[in-house]
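>>> Build me a model:
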Amino acid sequence: MSEKLHNFQRNGTPVDAKQALWLRHRESVQNDLLLLPTKSTQKARKRKTTTVAGRIFTREMLEQTQGA
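Below is the predicted model:
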């Protein structure tokens with residue numbers, strides 16, 4: 001019974017089988033190289049309009065002034 005348990009723990013591989021090199025380094029690669037960048041501390045702009053003399057100046061208003 002213990003022989004079957006050892007076979008199960010080795011996933012059925014022979015005792016002299018060696019672990020692949022990439023499997024030994026996988027965890028360090030995942031932790032060091034594949035991390036997502038940290039979130040930006042800058043706040044995103046809320047709107048794409050400009051305030052002119054207390055009014056909101058939209059793209060349409062800008063195009064009207066350039067066309068006239």
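>>> What mean pLDDT does the strand or helix carrying H6 get?
According to DSSP states H and E, H6 maps onto helix 2-9. Here helix 2-9 scores 77 as its mean pLDDT.
>>> what's that helix in contact with?
By Cβ atoms under 8 Å, 6 or more residues apart in numbering, no residue outside helix 2-9 reaches it. Bear in mind the C-beta positions are built from the backbone N, C-alpha and C, glycine included.
>>> CA atoms of that helix as CSV?
Extracted in CSV, the C-alpha atoms of helix 2-9 (Å, rounded to 0.1, in the frame of the first residue of the first chain):
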residue,chain,number,x,y,z
SER,A,2,2.8,2.4,0.8
GLU,A,3,4.3,1.7,-2.6
LYS,A,4,1.1,2.9,-4.3
LEU,A,5,1.1,6.0,-2.1
HIS,A,6,4.7,6.9,-3.1
ASN,A,7,3.7,6.3,-6.8
PHE,A,8,0.8,8.6,-6.4
GLN,A,9,2.9,11.3,-4.7
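>>> average pLDDT for the helix or strand just after it?
Sequence-wise, the next helix or strand downstream of helix 2-9 (DSSP H and E) is helix 21-32. Mean pLDDT, helix 21-32: 75.
>>> Distance from the chain centre to helix 21-32, please.
Put simply, helix 21-32 sits 18 Å off its chain's centre (Cα atoms, centre = their mean, to the nearest Å).
>>> tell me the centre residue of this protein?
Residue closest to the mean C-alpha point of the chain, counted by Cα atoms, centre = their mean, is L36 at 4.0 Å.
>>> Show the pLDDT at it.
pLDDT, read off for L36, is 74.
>>> How about V52?
Looking at V52, its pLDDT reads 66.
>>> for K48, same thing?
69.
>>> quick one, what contacts the residue nearest to the centre of the chain?
For L36, no contacting residues are found, by Cβ under 8 Å, 6+ apart.
>>> quick one: contacts for S28?
Counting by Cβ under 8 Å, 6+ apart, S28 touches no other residue.
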